[in-house]
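Student: When you get a sec, could you give me coordinates for this:
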Amino acid sequence: MKSKRGAIELSMTTIIVIVLGVMLLGLGIGWITGLFSQIEDLTQQSFAKAQQTIQEDMPSGDTFYIAGFSFEARAGKYSEIYTGIQFFGEEGETKEFSIEVGDPQYQTWFVLPTAVTIVAGEKKGIPIGVRVPAGTAPNLYSITLTKVESLGTIPSESEIILLEVK
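Tutor: A predicted model of the protein is given here:
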């Protein structure tokens, strides 16, 4: 006569594995959702800080502004630079602008936002992330940041910053 005890143990093990799998999936989804909401909050705070800095410090006649000339960065650490773009156009006109790093060897050091749409007469604060690769020699680097109009085709204004890597 065959024993059904093995079949019952197999089905109990299967049920336990499924329950544990569903619990871990639920916990993992909750953790990822919380992580992305924290990233979103940090991004919003960064843009708000950039906007506040630009509104307070950007001269009224400038079209491209960087809040500072010299910046410090630690190799392997993240820091921010606040930039601003002001668009003088016809009332109701909008244009897209982006910021590019002019020096190819430093492009990987910067986290640049996608193109920003600006309405005529408006100032927009744009944070730029800086993450110098770990192991980079401490030195003073001269880097060009360029404001680009429209679809990345018309470089219109550049500023040079000094980045002191410690």
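Student: Just the CA coordinates for stretch 23-31, please, in PDB.
Tutor: Coordinates of the C-alpha atoms in stretch 23-31 are reproduced here as PDB (Å, rounded to 0.1, in the frame of the first residue of the first chain):
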ATOM      1  CA  MET A  23       5.700  38.100   1.700                       C
ATOM      2  CA  LEU A  24       9.200  38.900   0.400                       C
ATOM      3  CA  LEU A  25       7.800  40.300  -2.800                       C
ATOM      4  CA  GLY A  26       5.500  42.600  -0.800                       C
ATOM      5  CA  LEU A  27       8.400  43.700   1.400                       C
ATOM      6  CA  GLY A  28      10.600  44.300  -1.600                       C
ATOM      7  CA  ILE A  29       8.000  46.400  -3.500                       C
ATOM      8  CA  GLY A  30       7.400  48.500  -0.300                       C
ATOM      9  CA  TRP A  31      11.100  49.100   0.100                       C
END
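Student: Distance from the chain centre to that stretch, please.
Tutor: Computed by CA atoms, centre = their mean, to the nearest Å, the chain-centroid distance of stretch 23-31 equals 26 Å.
Student: switch to numbering from 98
Tutor: Happy to do that; since the first residue is 98 now, the last one works out to stretch 120-128.
Student: pLDDT averaged over it - what is it?
Tutor: What stretch 120-128 shows for mean pLDDT is 90.
Student: What does the pLDDT read for residue 248?
Tutor: 61.
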